[in-house]
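Engineer: Okay, sequence plus prediction incoming.
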Amino acid sequence: MTPQNASERLKMAKIGAGVAGSNCARINRLASGGKGQRIRVSLMAFKQTVPFLDLTLQHRAIQGEISAAVERTLDRGDFILGGSLEEFEREFARYCDCEYAVGLSSGTAALHVALVALGIGAGDEVVTVPNSFIATVEAILYTGATPVLVDVDPDTFCLDPETFERAISPRTKAVIPVHLYGQPCDMQSILDIASRHGIAVIEDACQAHGATIDGRKVGSFGAAAAFSFYPTKNLGTIGDGGALTTNDRELATAVKALRHHGQLEANVFPRVGFNYRLDTLKAAVLGVKLARLDAWNERRREIAARYRERLRGTEFVFQKRVAGSDPVFHILAAKHPRRKAVLDALSAAGVGWGKHIVTPAHLQPGYVDLVRTGGSLRVSEALSHELVSLPVFPELTDEQVDYASEVLSKVEVSV
């Protein structure tokens with residue numbers, strides 16, 4: 001007999017009173033909350049049923065189109081700065097409501113060349129947040145500038161405009177707001193502050209392909225924006241990849257030179273550049289996927305809404321939206337006061353999970369002496385202990401989301 005819903009599947013998962021009792025006891029021991037507290041996890045032992053991510057499902061559905069796009073590139077033989085790259089750059093710029101898009105080797109490269117093209121270097125300061133992936137801070141350090149880390153908003157997990165303004169000094173030349181997990185930052189407030197102080201804004205949109213603020217796409221607000229096409233992203237390729245978007249023609253031209261060893265004319269090198277090109281084959285794959293991005297993002301929104309509805313009234317607290325924004329849920333992150341109990345419950349039930357803030361940048365051993373903190377970072381530090389990432393990829397079924405939600409709803413905290 002096939003279980004018809006998540007409740008039946010939970011009931012049928014018991015494989016014997018002795019084994020089930022043993023597993024419940026083990027999970028309860030793992031889920032002890034501390035002195036005077038106990039977390040009850042009403043779960044048995046389950047096989048893996050809900051992966052955190054399965055890219056094969058996406059690729060299987062469009063395999064014919066991807067193969068055809070790759071074949072066309074193979075037939076042309078233009079593997080470096082070829083036709084499929086130029087076509088994708090035009091389409092991605094249009095998609096992002098921008099004049100220009102420049103394909104690059106990674107999101108990290110996009111952040112780096114944006115800073116270089118804007119003249120950021122040694123002696124300068126760049127404000128950003130500590131709870132992004134390390135590449136945001138890494139790119140600043142590549143230029144010789146000093147990252148100044150400020151705290152995030154406790155509700156949106158994104159750059160707090162007030163902490164940004166308090167951290168500005170005479171050396172501040174740029175700010176990098178990170179659209180964390182696909183949730184746009186409060187860009188209007190950030191742009192207003194930056195304009196008053198003469199500071200360049202570089203959007204880190206590496207997790208936010210297609211997210212909008214009042215209908216306008218992220219990546220179109222600042223002087224430039226960086227996108228990543230790492231395979232797991234909402235728009236991912238077959239390996240590393242990235243892009244910079246901008247409405248500044250001179251900036252776009254400079255970045256095209258910087259990605260190609262500093263040259264625009266063959267074998268003429270007016271400046272030192274980098275090997276930061278996006279491969280034509282990868283761009284061909286991205287061209288196929290871009291046509292489906294809006295549909296994939298909409299499915300992510302449906303899944304996120306389904307989790308929220310089914311976990312209403314529990315102790316899970318989800319990332320909140322900035323007013324007027326429409327996030328794309330690259331990651332669906334939720335806070336819980338006993339993260340370890342949640343992760344144990346998910347693992348025991350066969351539900352995949354992720355942790356995307358483990359240790360903030362200012363506490364990473366290789367970065368402690370390289371960054372400056374612009375005040376207390378207590379919110380970012382607290383989030384690093386509370387957040388759990390839930391499965392949210394577009395190919396998830398409603399049944400899988402309901403099953404994961406029921407598992408999560410069984411985690412209770414008693415004080």
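Structural biologist: Received it, and whenever you're ready, just let me know what you need.

Engineer: okay, and for the chain, where does confidence drop off?
Structural biologist: Across the chain, the ranges flagged by pLDDT under 70 are 1-48, 412-415.

Engineer: how about the residue most central in space within it, secondary structure?
Structural biologist: With distances taken as CA atoms, centre = their mean, the chain has Q207 as the residue nearest its mean C-alpha position (3.2 Å). Three-state assignment for Q207 (DSSP: H, G, I helix; E, B strand; the rest coil): coil.

Engineer: give the contact list for the closest residue to A167 other than its chain neighbours.
Structural biologist: The shortest distance from A167 to any residue other than its chain neighbours is 2.9 Å, reached at G374 (CB to CB, 6 or more residues apart in numbering). (C-beta placed from N, C-alpha, C; glycine too.) By CB atoms under 8 Å, 6 or more residues apart in numbering, the contact list for G374 reads V127, V148, L149, V150, T163, R166, A167.

Engineer: Could you identify the buried members of the residues you listed?
Structural biologist: Applying a neighbour-count criterion of 16 or more other CB atoms under 10 Å, the buried members of these are V127, V148, L149, V150, T163, A167.

Engineer: Contacts only, for the third one.
Structural biologist: Contacts of L149 were listed using CB under 8 Å, 6+ apart, and they are 127-130, 137, 360-362, 371-374, 377.

Engineer: For stretch 376-390, which residues meet the burial criterion?
Structural biologist: Result for stretch 376-390 [16+ other CB under 10 Å]: buried residues L377, V379, S380, E381, L383, S384, E386, L387, V388, S389, L390.

Engineer: And it, end to end?
Structural biologist: 28 Å (CA to CA, to the nearest Å).

Engineer: Quick one: distance of that stretch to the chain centre.
Structural biologist: With CA atoms, centre = their mean, to the nearest Å as the basis, stretch 376-390 stands 15 Å off its chain's centre.

Engineer: With stretch 91-107 instead?
Structural biologist: For stretch 91-107 - counting by CA atoms, centre = their mean - the centre lies 17 Å from the chain centre.

Engineer: got it, and stretch 137-144?
Structural biologist: Put simply, stretch 137-144 sits 19 Å off its chain's centre (CA atoms, centre = their mean).

Engineer: for stretch 156-172, same thing?
Structural biologist: Offset of stretch 156-172 from its chain centre (CA atoms, centre = their mean): 21 Å.

Engineer: swap in stretch 62-74?
Structural biologist: On the basis of CA atoms, centre = their mean, stretch 62-74 sits 27 Å off its chain's mean C-alpha point.

Engineer: mind listing what the closest residue to M187 other than its chain neighbours touches?
Structural biologist: Closest residue to M187 apart from its sequence neighbours, by CB to CB, 6+ apart: F221 at 4.7 Å. Residues near F221 by CB under 8 Å, 6+ apart: M187, L191, V201, E203, I213.

Engineer: Among the buried ones among the contacts of G374, which ones are in strands?
Structural biologist: V127, V148, L149 (DSSP state E).

Engineer: Residues in contact with the host helix or strand of L111: which ones?
Structural biologist: For L111, the host element (DSSP states H and E) is helix 107-117. By CB under 8 Å, 6+ apart, the surrounding residues in contact with helix 107-117 are 104, 126, 135-136, 138-140, 142-143, 145, 174, 176, 202, 204, 206, 223-230, 242-244, 251, 254-255, 258-259, 274, 276.

Engineer: Can you give me the buried ones in stretch 145-165?
Structural biologist: The neighbour-count check on stretch 145-165 (16+ other CB under 10 Å) flags 145-153, 156-161, 163-165 as buried.

Engineer: re the thing from before, dump the buried residues of stretch 376-390 to a markdown table, plus secondary structure and distance to L396.
Structural biologist: Output for those, formatted as a markdown table (DSSP: H, G, I helix; E, B strand; the rest coil; distance: CB to CB, whole Å):
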| residue | secondary structure | distance to L396 |
| --- | --- | --- |
| L377 | coil | 34 |
| V379 | helix | 30 |
| S380 | helix | 29 |
| E381 | helix | 31 |
| L383 | helix | 24 |
| S384 | helix | 26 |
| E386 | helix | 24 |
| L387 | strand | 20 |
| V388 | strand | 16 |
| S389 | strand | 14 |
| L390 | strand | 10 |
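
Engineer: from these, which is closest to L332?
Structural biologist: L390 (4.7 Å; CB to CB).
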